[in-house]
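Peer 1: here is the input, now give the coordinates:
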Amino acid sequence: MILIWVIRARAATARAHDFGLTGETLPVFIERTLERGSEMKRRGSQVKGFYLAASSILAMAVAGAFAPAFAADVPTLSAEQKASASKLYFERCAGCHGILRKGATGKNLEPANMLKLNHARLENIISYGTDGGMVNFDDILTKEEISTLATYVQMTPDVPPEWGMKDMMASWKVFVEPKDRPKKPMNKVNLKNVFSVTLRDTGEVALIDGDTKQIWGIVKTGYAVHISRVSKSGRYVYVIGRDGKLDLIDMWYEKPTVVATIKVGIEARSVETSKFKGYEDKYAIAGSYWPPQYVITEGDTLKPLKIMSTRGQDVDGEYHPEPRVASIVATEDKPEWVVNIKETGMIRLVDYSDIKNLKETTIESAKFLHDGGWDSTKRYFLVAANASNKVAVVDTKTGKLAALVDTKPIPHPGRGANFKHPTFGPVWATSHLGADVISLIGTDPAKHKQHAWKVVAELKNHGSGSLFVKTHPKSNNLWADAPLNPDQELAESVTVYDIRNLAKGPEVINIAKLAGLPESKAIKRAVHAEYNATGDEVWFSLWAGKTEASAIVVMDDKTRKLKHVIKDPKLITPTGKFNILNTQHDIY
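Peer 2: Below you'll find the model as predicted:
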């Protein structure tokens, strides 16, 4: 029995370390834990003797007699190693698993779960990925980095600081006042066909002329820009980095120029502008992962005006400390943003007509909300609820939830893709991280009521691990990637269907082989299809390692043949690409 108590004491000590208890609070916590779990105290004097003996052993443990054995169970890193691992986690893991590691698209990585796995198994998971959609990192991280990261996730996560109005104001800078900016375009670039391309690992965005296929300009931004959004006027590009840095790019200069900047949080993913008539370019809204909140700013200067927290109860009525803002879109027929809160499964319709007396409508949907897009009428917004394997449908005309659509595991649409199915009428498509299918959801409750808000068909994708699916109103093709698939051939390829004849089956094209890049250690992941302004070209990024050659491959949409490869030493880890016209008008 004494051995049992020693085991219990060690377990209690491990829990105490998870909660950050040390010093005088440690023995109190352990003793109370043992008292609550004890049945031996009720078994008479003999058992009481065992209890007292065990208590003595516990006292010795707290005093340090068993410290070496206990310490062996608590992973540690030097300050330098921890700082390095923290940076790696932020750059590679936090997006799916959360800063507090409570999980969302990815699993919960809190110490209570990680300590159940041995160090070698954690290294294998980080190195080789999982079938659930986690990418392998053995091609971009060293063995030492992987080992350090495996140790780090077994340690109690640090809680980052809050980021309020004083912090935002201190970070806010206007480089050129609106009155001093050009009154007309100072260049001859076809701005409608410019692509804003994220250069993930250099903290930059490349503005590429879609007509000439040349880099028009590269601007410094936050780390790993997640999305580029375009003002209603088409003049400004808003880019937000994962580090919370929001930059405003003015395309009326001879070269694209950052005219204002602000840091809206420690980590962020989403930004949008006001698009309703009379509010064009007046406001911007940026959503943070940490702190969980959104901020409304002036549209042309980024001056912060109002911060709104997203902390609160989830759809199950449980409080969540880290409900991150996943995606934001603007409706065009009213002054309203659709703000999707990841961990709570709540969708907020934010009326920006009077931000001093801000009105929000909160819609319950499902966890964990992620990206989404409009249907073809732009009345309904469809957003993936990753953890629930559902797509939530919001009717922005009535301000209510229209449906929750069951899908295959982990839908991940990007903005999705709209086209008219020959049998089911208008549909919206999403691909999946966790399944090798493309789900088609009926979106016409008026004329095709029997098919509305149901998965009416599933098309075979060439693999799971997909992030984006795309088509265009002028195209007959539907494209899907699978960049997070652990198989190299699948990750470097894309699937394309003829939407006029889906029964014909797909064509699978290896985009990486078309690029003619040199051999490299890293997989050249084909990611994020984006059409040009006229809808006759589709662009794919080849996302390789930071020190290895990457490229953008331009396909002729009609023939599905290679049209051009954009290669440049400055194109380092290109990922998302956002055509100005298509982004400005939400064409997909």
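Peer 1: burial of the residue lying closest to residue 129 once chain neighbours are set aside, as a residue count?
Peer 2: Spatial nearest neighbour of residue 129, chain neighbours left out: residue 136 (3.9 Å); criterion: CB to CB, 6 or more residues apart in numbering. C-beta here means a position set from N, CA and C on the backbone, and glycine is covered the same way. Neighbour count for residue 136, taken as other CB atoms under 10 Å: 20.
Peer 1: try residue 138
Peer 2: Using other CB under 10 Å, residue 138 is surrounded by 17 other residues.
Peer 1: same thing with residue 214?
Peer 2: Residue 214 has 11 neighbouring residues, counting by other CB under 10 Å.
Peer 1: so how far is residue 554 from the closest residue to it other than its chain neighbours?
Peer 2: Using CB to CB, 6+ apart and skipping the chain neighbours, the partner closest in space to residue 214 is residue 208 (7.1 Å). When CB to CB, to the nearest Å is the yardstick, residue 208 and residue 554 sit 10 Å from each other.
Peer 1: hang on, residue 472 packs against residue 585?
Peer 2: No - contact criterion CB atoms under 8 Å: residue 472 and residue 585 do not qualify, at 11.8 Å.
Peer 1: higher neighbour count, the two?
Peer 2: Neighbour tally, residue 472 and residue 585, criterion other CB under 10 Å: the higher count belongs to residue 472, 27 against 15.
Peer 1: what is in contact with residue 208 and residue 554 at once?
Peer 2: residue 566 (CB atoms under 8 Å, 6 or more residues apart in numbering).
Peer 1: neighbour count winner among those two?
Peer 2: Applying other CB under 10 Å to residue 208 and residue 554 shows that residue 208 carries more neighbours, namely 26 against 19.
Peer 1: give the helix, strand or coil label for the more buried one.
Peer 2: Put simply, residue 208 is strand when judged by DSSP: H, G, I helix; E, B strand; the rest coil.
Peer 1: OK, contacts around it?
Peer 2: Residues in contact with residue 208 (CB under 8 Å, 6+ apart) are 194, 195, 197, 214, 215, 216, 552, 566.
Peer 1: so how far is residue 109 from the residue nearest to residue 185 when sequence neighbours are not counted?
Peer 2: Leaving out its chain neighbours, the residue that sits closest to residue 185 by CB to CB, 6+ apart is residue 252, at 4.8 Å. Using CB to CB, we find residue 252 at a distance of 45 Å from residue 109.
Peer 1: what about the two, which has more around it?
Peer 2: Taking other CB under 10 Å, residue 252 and residue 109 do not tie; residue 109 has more neighbours (23 against 17).
Peer 1: run a quick neighbour tally on the closest residue in space to residue 556 that isn't next to it in sequence.
Peer 2: Using CB to CB, 6+ apart and skipping the chain neighbours, the partner closest in space to residue 556 is residue 563 (4.5 Å). Counted by other CB under 10 Å, the residues lying close to residue 563 total 16.
Peer 1: give me the phi and psi angles of residue 563.
Peer 2: Torsion angles at residue 563 (phi, psi; degrees, to the nearest 10) stand at phi -110, psi -40.
Peer 1: I figured it hits residue 552, correct?
Peer 2: No - contact criterion CB under 8 Å: residue 563 and residue 552 do not qualify, at 11.3 Å.
Peer 1: could you pull up the residues touching the residue nearest to the spatial centre of the chain?
Peer 2: Taking CA atoms, centre = their mean, the centroid of the chain lies closest to residue 95, which sits 5.0 Å from it. Shown in contact with residue 95 (CB under 8 Å, 6+ apart): 105, 242, 269, 289.
Peer 1: which residue packs closest to the third one, ignoring adjacent ones?
Peer 2: Meaning residue 269. Nearest non-adjacent residue to residue 269, counting by CB to CB, 6+ apart: residue 226, 4.6 Å away.
Peer 1: same question for the second one.
Peer 2: With CB to CB, 6+ apart as the measure, residue 224 is the residue that lies nearest to residue 242, at 4.5 Å, once sequence neighbours are left out.
Peer 1: what's the neighbour count on the one you found?
Peer 2: If you count neighbours by other CB under 10 Å, residue 224 ends up with 22.
Peer 1: which parts of this structure are helices?
Peer 2: 2-18, 25-37, 44-63, 67-71, 79-92, 94-97, 111-114, 119-128, 143-152, 165-171, 488-491, 511-515, 580-584 (DSSP state H).
Peer 1: kindly export the last one (C-alpha atoms) in CSV.
Peer 2: As requested, the backbone C-alpha atoms of helix 580-584 are provided in CSV (Å, rounded to 0.1, in the frame of the first residue of the first chain):
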residue,chain,number,x,y,z
ILE,A,580,-7.6,41.9,-56.9
LEU,A,581,-10.8,41.8,-59.0
ASN,A,582,-11.9,38.4,-57.7
THR,A,583,-11.1,39.3,-54.1
GLN,A,584,-12.7,42.7,-54.4
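Peer 1: numbering from 10 from now on, please.
Peer 2: Sure, I'll start numbering at 10, so the last one becomes helix 589-593.
Peer 1: now it, how far from the centre of its chain.
Peer 2: In terms of CA atoms, centre = their mean, to the nearest Å, the centre of helix 589-593 is set 21 Å apart from its chain centre.
Peer 1: now do it: everything it contacts.
Peer 2: Here helix 589-593 makes contact (CB under 8 Å, 6+ apart) with 200-205, 237-241, 243, 246, 260, 481, 539-540, 542, 596-597.
Peer 1: go again using 10 Å as the cut-off
Peer 2: Applying CB atoms under 10 Å, 6 or more residues apart in numbering, the external contacts of helix 589-593 come out as 199-205, 216, 219, 236-244, 246, 260, 282, 284, 424, 479, 481-482, 539-544, 586-587, 596-597.
Peer 1: can you select the buried ones among these for me in ChimeraX?
Peer 2: Only the buried entries of those go into this ChimeraX selection, using 16 or more other CB atoms under 10 Å:
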select :200,201,202,203,204,205,216,219,236,237,238,239,240,241,243,244,246,260,282,284,424,479,481,539,540,541,542,544,586,587,596,597
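Peer 1: which of the contacts of helix 589-593 fall within strands?
Peer 2: Mapping the contacts of helix 589-593 onto strands (DSSP state E) picks out 203-205, 216, 236-239, 246, 282, 479, 539-540, 586-587.
Peer 1: ok, which pair from those residues is furthest apart?
Peer 2: Farthest apart among these by CB to CB are 282 and 479. That separation is 22.0 Å.
Peer 1: let me see the domain layout of this protein.
Peer 2: Here the domain assignment for the chain is 11-80, 88-161, based on automatic domain parsing.
Peer 1: between the two ends of the last one, how far is it?
Peer 2: The reference is to domain 88-161. Distance across domain 88-161, first residue to last, is 11 Å (CA to CA, to the nearest Å).
Peer 1: now do the contacts for residue 312.
Peer 2: Residue 312 neighbours (CB under 10 Å, 6+ apart): 177, 178, 181, 183, 269, 271, 293, 306.
Peer 1: buried ones among these?
Peer 2: Buried members of the contacts of residue 312, counted by 16+ other CB under 10 Å: 177, 181, 183, 269, 271, 293, 306.
Peer 1: okay if I get those residues as CSV plus pLDDT?
Peer 2: Listed next are those as CSV, based on pLDDT from 0 to 100:
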residue, pLDDT
177, 98
181, 98
183, 98
269, 98
271, 98
293, 98
306, 98
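Peer 1: among these, which are located in strands?
Peer 2: Members of the buried ones among the contacts of residue 312 lying in strands (criterion: DSSP E): 183, 269, 271, 293, 306.
Peer 1: quick check: beta-bridge partners of the third one?
Peer 2: It stands for residue 271. Residue 271 has these beta-bridge partners by DSSP bridges: residue 255.
Peer 1: the last one too?
Peer 2: Assessed by DSSP bridges, residue 306 has beta-bridge partners residue 293, residue 313.
Peer 1: now do it against residue 226, distance only.
Peer 2: Using CB to CB, one gets 24 Å for the distance from residue 306 to residue 226.
Peer 1: before I go, just wanted to say thanks for your time.
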